[in-house]
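K.L.:
Predicted structure and sequence below. I'll ask about it afterward.
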Amino acid sequence: METQKSRISRREMHKYIWMLVGVFSLLAATYPTAMIRVSQKPKFQGYHVKSLQLDGHIAHNSVK
């Protein structure tokens, strides 16, 4: 049984690659922004590890 190979043009492949690069860039740009916003909240001052328990309270054994 022969399988049929479909070819994707370079232009179409580049379109998909640039879309993936764009999504990755957005994630890479928003992650540090979110970290900065969280670190400025008084609730998380002094913690470099923000551990929360299931009920939403800060864990007592988290590193300060």
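P.N.:
Great, that's in hand. Because the structure is a prediction, the values reported are computed rather than measured.
K.L.:
buried stuff in the helix or strand encompassing residue 31?
P.N.:
In this structure, residue 31 sits in helix 10-39 according to DSSP states H and E. By neighbour count on 16 or more other Cβ atoms under 10 Å, the buried set for helix 10-39 is empty. (Each C-beta comes from the backbone N, C-alpha and C, glycine too.)
K.L.:
Which strands and helices lie in contact with it?
P.N.:
In terms of contacts (3 or more Cβ pairs under 8 Å, 6 or more residues apart in numbering; DSSP states H and E), helix 10-39 is not packed against any helix or strand.
K.L.:
For residue 9, grab phi and psi.
P.N.:
Dihedral pair for residue 9: phi -70, psi 160, per degrees, to the nearest 10.
K.L.:
In contact with it: list those residues for me.
P.N.:
Remark: with contacts taken as Cβ atoms under 8 Å, 6 or more residues apart in numbering, residue 9 is in contact with nothing.
K.L.:
swap the cut-off to 10 Å and go again
P.N.:
Residue 9 sits next to residue 15 when contact means Cβ atoms under 10 Å, 6 or more residues apart in numbering.
K.L.:
Distance of it relative to residue 16?
P.N.:
11 Å (Cβ to Cβ, to the nearest Å).
K.L.:
got it, and residue 41?
P.N.:
Counting by Cβ to Cβ, the gap from residue 41 to residue 16 is 38 Å.
K.L.:
again with residue 8
P.N.:
From residue 8 over to residue 16 (counting by Cβ to Cβ), the distance is 8 Å.
K.L.:
Ok, residue 5 next?
P.N.:
18 Å.
K.L.:
what's the answer for residue 42, then?
P.N.:
44 Å.
K.L.:
now residue 25
P.N.:
The value you get for residue 25 to residue 16, if Cβ to Cβ is used, is 15 Å.
K.L.:
How about residue 6?
P.N.:
From residue 6 to residue 16 the distance is 14 Å (Cβ to Cβ).
K.L.:
cool, and residue 10?
P.N.:
Taken as Cβ to Cβ, the span from residue 10 to residue 16 is 11 Å.
K.L.:
mind showing which ranges of the chain have poor pLDDT?
P.N.:
Counting by pLDDT under 70, the chain has low-confidence residues at 1, 45-64.
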